[in-house]
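Visitor: need coordinates for the following:
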Amino acid sequence: MRYIIIGGVAGGASTAARLRRLDEHAEIVLFEKGSYISYANCGLPYYIGDVITDRSKLFVQTAASFKNRFNIDARVMSEVRAILPDQKLVQVKDLKTGIDYELSYDKLVLSPGAEPIRPPLDGINSEGIFTLRNVTDTDRIKAYISKFPNGKAVIIGAGFIGLEMAENFHNLGMHVSIIEMGPQILAPVDFPIAAIAQQHIRSKGVDLRLKTTVTGFERNENGLKVFMKDEQPLDADVVILSIGVKPDTRLAIAAGLTLGTARGILVNDYLQTSNEDIYAVGDAIEFINPITHNSMPTYLAGPANKQGRICANNMVLGNKNKYNGSINTAIVKIFDLTVAVAGVASKHLTAAKIEHLVSTTHSGSHAGYYPGSEQMTIQINFAPSDGKLLGAQIIGTDGVDKRIDTLSSVIQRGSTIDELTEFEHAYAPPYSSAKDPVNMAGFVAENIIQKRLRVIPWSAVKDFSSDDVLIDVRTALEFVEGNIPGSINIPVDELRGRLHELDKQNNIYIYCQIGLRGYLAQRILLQNGFQQVQNISGGYKLWLACDMESNIKEPSLVL
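Guide: Below you'll find the predicted structure:
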């Protein structure tokens, strides 16, 4: 039996290793058109930024180690030019020698990955403009920026890689601008979470420009100019294109394999393509999202590794091991903050016409009386009928990772907010509170479903009428230090004695700093005959970040 795998890194390399563990006697050939078959591509920005200083630590396996440990014939600098499914052949070009040859297969795995998007803009191929996808890109960028120790870097695109590159360039002492065509950073998260992160980015002196379209580039004796629609051009020494990626499907199309609606290689539950002898894994495939039921690709290393294991099982043991899809659990470090996401954002649930409710909570990373506790913000999206958890987003400094992993597990299993209320966590003051942030998110969501808590989003404030009453239930000092325009201050501890000041016929909207005191005030009013009472979800803290970001009109810096 000869297995051929096209493409290494996460999907291809994990498939090859699993194949060998299952079948000691099979012939396994892995083709990789680059020089490296298995490396930590998620670590590349941190090597550029000198956080990782030893380049060798980026490499998981080399062609030689793959041969020695797994007896796998890993052929680097070998590009598969075509697949001939009817003949079960691949046509290969050895990029070192220029020799073309053919090799037959019994089963084949496609793991070509994705390729960076490079729009056809004027000057986009100028010196100093890079994409970051592999080790070769990394080496080129690192060598190039060494000539500009305090230079100007422009990042185009504010996704995960773009933000990681912005942080690492900033830490190297470069002046950084981020240009994003969309209205926020990080498309997988909702605006309130993005707004908090955007405020943090701006606080670091980074020039963050949203709703800004790059129109072209020009290189002159002074470096690069980045042209934008309706704005003055930016000077740059280096430009990173982080606009996004698309599945590399060239071989699949030429081989007559079926693509999906998202233009990835369509696979079934067993990671099998439309040809029964060809499987596919990694960034190039698309499959049904278990929440939206739409077909989609996932550009994440974790799912790719798991797909490789499942794919190998099915090729050797028969199609018995189903792949259940990915809920796109991801995490990113943005300077001092961590942003994590699992499942589907509210805006994407709305686009998919999936009914849902949203809850936002702020909780301490561990017990407040133990030093170092920091607040994290958790947003969860859940079904109003049964409380099924559909999505979760967290931003904070400490403990974000373990909370998103918990929430991801609940989403992946199709469980509900009831599980969050009963989630039993390891508790000691340095690590959590008696009621973990996950519990608190569940409690609030449960109150919303049971209509004990009535919430409105921060954005509803702009639609209040002059007859509506907006009450800040924080202390007088907090109110003086900053409040939502048009609000009156009735601290929650004084509310019972001041009910006579309010008209039960009015719509009453309440807020506090993070939501808890607002909930208590709402319960007091509802149980005293007030009917139209709603709480602003996430409190003043969330409203302030969102309001500030939504009202930014001009770039924060001009470099």
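Visitor: now residue 174: closest residue in space, sequence neighbours ignored.
Guide: residue 153 (4.7 Å; C-beta to C-beta, 6 or more residues apart in numbering). For glycine as for every other residue, the C-beta is placed from the backbone atoms N, C-alpha and C.
Visitor: and the helix or strand hosting residue 3, what's buried?
Guide: Using DSSP states H and E, residue 3 falls within strand 2-6. For strand 2-6, burial by neighbour count (16 or more other C-beta atoms under 10 Å) applies to 3, 4, 5, 6.
Visitor: from the centroid of this structure, which residue is nearest?
Guide: residue 330 (4.7 Å; C-alpha atoms, centre = their mean).
Visitor: over to that one: give its phi and psi.
Guide: The phi and psi values for residue 330, taken as degrees, to the nearest 10, are phi -150, psi 160.
Visitor: so where's the stretch 451-559 of the chain uncertain?
Guide: Scanning the stretch 451-559 of the chain for pLDDT under 70 picks out 553-559.
Visitor: how about the strands of it, start to end?
Guide: For the stretch 451-559 of the chain, the strands defined by DSSP state E, counting those that start in this stretch occupy 455-456, 469-472, 488-489, 508-511, 533-536.
Visitor: do the same with the stretch 151-300 of the chain
Guide: 152-156, 175-179, 207-209, 214-220, 223-228, 231-236, 238-241, 245-247, 265-266, 278-280, 285-288, 295-296.
Visitor: still on that earlier bit, what does the strand holding residue 3 contact?
Guide: With C-beta atoms under 8 Å, 6 or more residues apart in numbering as the test, strand 2-6 has contacts from 12, 15-16, 19, 26-31, 80, 83, 90, 103-112, 251, 315.
Visitor: can you give me the mean pLDDT across it?
Guide: For strand 2-6, mean pLDDT rounds to 97.
Visitor: in its sheet, which strands sit next to it, and in what direction?
Guide: Strand partners for strand 2-6, identified by DSSP bridges, are recorded as strand 27-32 (parallel), strand 107-110 (parallel).
Visitor: the longest helix anywhere in the chain: which residues count as buried?
Guide: The longest helix of the chain (DSSP state H) is helix 301-317. Residues of helix 301-317 classed as buried: 301, 303-316 (neighbour count, 16+ other C-beta under 10 Å).
Visitor: ok, back up a step: test my guess that the residue nearest to residue 174 contacts residue 242.
Guide: No. Using C-beta atoms under 8 Å, residue 153 makes no contact with residue 242, being 11.5 Å away.
Visitor: I'd assumed residue 169 was in contact with residue 242.
Guide: No. In this structure residue 242 lies outside contact range of residue 169 using C-beta under 8 Å: 11.7 Å.
Visitor: what's the overlap in contacts for these two?
Guide: Counting by C-beta under 8 Å, 6+ apart, the shared contacts of residue 242 and residue 169 are residue 155.
Visitor: can you give me the neighbour number for residue 256?
Guide: Around residue 256 there are 12 other residues, counting by other C-beta atoms under 10 Å.
Visitor: highest mean neighbour count out of the strands of the stretch 151-300 of the chain?
Guide: strand 278-280 (a mean of 29; mean count of other C-beta atoms under 10 Å).
Visitor: just how off-centre is it within its chain?
Guide: Strand 278-280 sits 26 Å away from the centroid of its parent chain (C-alpha atoms, centre = their mean, to the nearest Å).
Visitor: what's the answer for stretch 154-164, then?
Guide: A distance of 12 Å separates the centroid of the chain from that of stretch 154-164, by C-alpha atoms, centre = their mean.
Visitor: quick one: the strands in the stretch 301-450 of the chain?
Guide: All strands of the stretch 301-450 of the chain, identified by DSSP E, counting those that start in this stretch, fall at 330-334, 337-343, 357-364, 375-382, 389-396.
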